[in-house]
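Enquirer: Structure of the sequence below:
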Amino acid sequence: MANSGKFPRRQFLKTAAAGGAFVAMGGMPVFAQSKTSLVFMEPFDLTLEYLQEMNAVVGGHFEKEGLDVSITNVRGTSVGIQQVIAGQAAFTRIGLLDLFKASGSQDTQLISVATSLQGGIFSLVSRSSDPINTPADLRGKTVGVASIGGGQENILNLMLAGADIPAEEVSRQAIGSNAGNVEVLKQGRVDAFISTVETALLLQMNNEPVEIWSTTQFAPLPGGVIAATEQFATENHDTVVKFVRAMRNSALEILSADPGEILDRVTPHFDIVVNEDRDFRLAAIEAYNELTLAQGEENVMRNVPSVFEESARLIEAAGIIEVEDPSSLYSNAFFDEAVE
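Expert: Residues are numbered from 1 along each chain as shown. Modelled structure (predicted):
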């Protein structure tokens, strides 16, 4: 539950209490794992995007399955992936595009054992007075993204590919990723920008004169898949089934419970790096619940084959990476057993 690669004493005690043992090695934590003692490595600071796994810990869902799961985090998706490949963590949560890219650059096969957020985590924001309603409206426009070559620009390219718009017909400007981007929009320096869930919420709560829509409707890339090495998943099949069951039960509880009760349960145990306003946090929980349900309640925590296939098609069309067989990069065997 640290917010960086360093572990101050307070964070050490929290992590140790959750069941994770580690020693310093080359500046990175190394975790002792068994079939029932596992490490879940988040690739970034803990936000409410990771509420399902945090609630699975403090809500007793992992414990009910006989699992002792520790949650920690590193700086960056690639680091999280490497920690899983090195066996220092059992699972990491990443975007589907990250999984596809890893499959083409790693000798060790990674697979998605579950999809935690069925909807994408980005939205497109434009001025209400000059709205961008579809990707087709982006021809000849300038779009703000967090960084050139990053996840937001990738999503932009996928939407353009889906609309058969050449990427070069849309200019990009790196403007970072925060609610202050709305001022860049108002000044006319960009015609639209890609935002995170939290930024979109802040803009809505502040009644900014903007139009906001989820990129999922044009680029159905899931916002979060839970990745493990194929070897770990195969050798620890029953453990992964229990893990997926616990995650699904945690997600279903969050969907049905009072979000305030979930928030109050989780916050004393994790350092959640997000706006501390309670109304904002409750709204964020509701927003992530919508992403969880983007493919229906029956698909909560399930890898949806058609989504993997369409995502692979758009990724190839955008010239990002060629995905030869998307079906080899996920398994629903664990989900199917978990819901029996």
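
Enquirer: tell me the domain ranges of the protein?
Expert: Domain ranges of the chain: 9-119+222-338, 122-217, per automatic domain parsing.

Enquirer: For those domains, give me CSV that also has mean pLDDT.
Expert: Formatted as CSV, those follow (pLDDT from 0 to 100):
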stretch, mean pLDDT
domain 9-119+222-338, 88
domain 122-217, 95
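
Enquirer: is it possible to export the ones you listed to a markdown table including mean neighbour count?
Expert: All C-beta atoms are positioned from the backbone trio N, CA, C, and that covers glycine. As requested, those are exported to a markdown table (neighbours: other C-beta atoms under 10 Å):
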| stretch | mean neighbour count |
| --- | --- |
| domain 9-119+222-338 | 19 |
| domain 122-217 | 18 |
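
Enquirer: Can you read off the backbone torsions of residue 110?
Expert: Phi and psi for residue 110, reported as degrees, to the nearest 10, are phi -100, psi 150.

Enquirer: Look up how far residue 226 lies from it.
Expert: Counting by C-beta to C-beta, to the nearest Å, the separation of residue 110 from residue 226 is 11 Å.

Enquirer: export the longest helix along the chain as CSV, just CAs?
Expert: Counting by DSSP state H, the longest helix found in the chain is helix 237-256. Extracted in CSV, the C-alpha atoms of helix 237-256 (Å, rounded to 0.1, in the frame of the first residue of the first chain):
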residue,chain,number,x,y,z
HIS,A,237,-5.4,-23.1,-10.9
ASP,A,238,-7.5,-23.5,-7.7
THR,A,239,-5.9,-20.5,-6.1
VAL,A,240,-6.6,-18.3,-9.1
VAL,A,241,-10.2,-19.5,-9.1
LYS,A,242,-10.5,-18.5,-5.4
PHE,A,243,-8.9,-15.1,-6.2
VAL,A,244,-11.3,-14.4,-9.1
ARG,A,245,-14.3,-15.5,-6.9
ALA,A,246,-13.2,-13.1,-4.1
MET,A,247,-12.7,-10.2,-6.6
ARG,A,248,-16.1,-10.8,-8.2
ASN,A,249,-17.8,-11.0,-4.8
SER,A,250,-16.1,-7.8,-3.7
ALA,A,251,-17.2,-6.0,-6.9
LEU,A,252,-20.8,-7.2,-6.5
GLU,A,253,-20.8,-6.0,-2.9
ILE,A,254,-19.6,-2.5,-4.0
LEU,A,255,-22.3,-2.4,-6.6
SER,A,256,-25.1,-3.2,-4.1
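
Enquirer: Give me the most central residue, the protein.
Expert: residue 224 (3.5 Å; C-alpha atoms, centre = their mean).

Enquirer: where's that one relative to residue 167, distance?
Expert: 25 Å.

Enquirer: Tell me which helix or strand the nearest residue to residue 259 once chain neighbours are set aside sits in.
Expert: The spatial neighbour of residue 259 that comes closest, neighbours along the chain excluded (C-beta to C-beta, 6 or more residues apart in numbering), is residue 285 at 4.3 Å. For residue 285, the element it lies in under DSSP states H and E is helix 278-292.

Enquirer: Next up, the contacts around the residue located most distally from the centre of the chain.
Expert: Using C-alpha atoms, centre = their mean, the residue of the chain lying farthest from its centre is residue 129. It sits 31.7 Å away. Residue 129 sits next to residue 209 when contact means C-beta atoms under 8 Å, 6 or more residues apart in numbering.

Enquirer: Give me the distance between it and residue 211.
Expert: From residue 129 to residue 211 the distance is 9 Å (C-beta to C-beta).

Enquirer: Leaving out sequence neighbours, find the closest residue to residue 226.
Expert: Residue 226 sits nearest to residue 114 (C-beta to C-beta, 6+ apart), 4.6 Å away.

Enquirer: Just confirm the one you found is within a strand.
Expert: Yes - with DSSP: H, G, I helix; E, B strand; the rest coil as the criterion, residue 114 is part of a strand.

Enquirer: OK, contacts around it?
Expert: 225, 226, 244, 247, 248, 301, 302, 303, 334, 335 are the contacts of residue 114 under C-beta under 8 Å, 6+ apart.

Enquirer: Dump these to CSV, plus distance to residue 142.
Expert: Formatted as CSV, the contacts of residue 114 follow (distance: C-beta to C-beta, whole Å):
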residue, distance to residue 142
225, 31
226, 36
244, 42
247, 40
248, 42
301, 38
302, 38
303, 36
334, 44
335, 42
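
Enquirer: Among those residues, give me the pair with the biggest separation.
Expert: With distances taken as C-beta to C-beta, the most widely separated pair in these is 225 and 248, at 13.9 Å.

Enquirer: residue boundaries of the strands in the chain?
Expert: 22-25, 28-31, 37-42, 68-73, 91-94, 110-117, 122-127, 142-145, 171-174, 192-196, 210-214, 224-229 (DSSP state E).

Enquirer: mind checking which of those is nearest residue 104?
Expert: Nearest to residue 104, of the strands of the chain and by C-beta to C-beta, is strand 110-117 at 10.8 Å.

Enquirer: Alpha carbons of that closest one, as CSV, please.
Expert: C-alpha atoms of strand 110-117 as CSV (Å, rounded to 0.1, in the frame of the first residue of the first chain):
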residue,chain,number,x,y,z
LEU,A,110,0.9,-13.0,-19.5
ILE,A,111,-2.8,-13.7,-19.5
SER,A,112,-5.8,-11.9,-18.2
VAL,A,113,-7.5,-14.0,-15.6
ALA,A,114,-10.3,-11.5,-15.1
THR,A,115,-11.5,-8.1,-16.3
SER,A,116,-12.1,-5.7,-13.4
LEU,A,117,-13.3,-2.6,-15.3
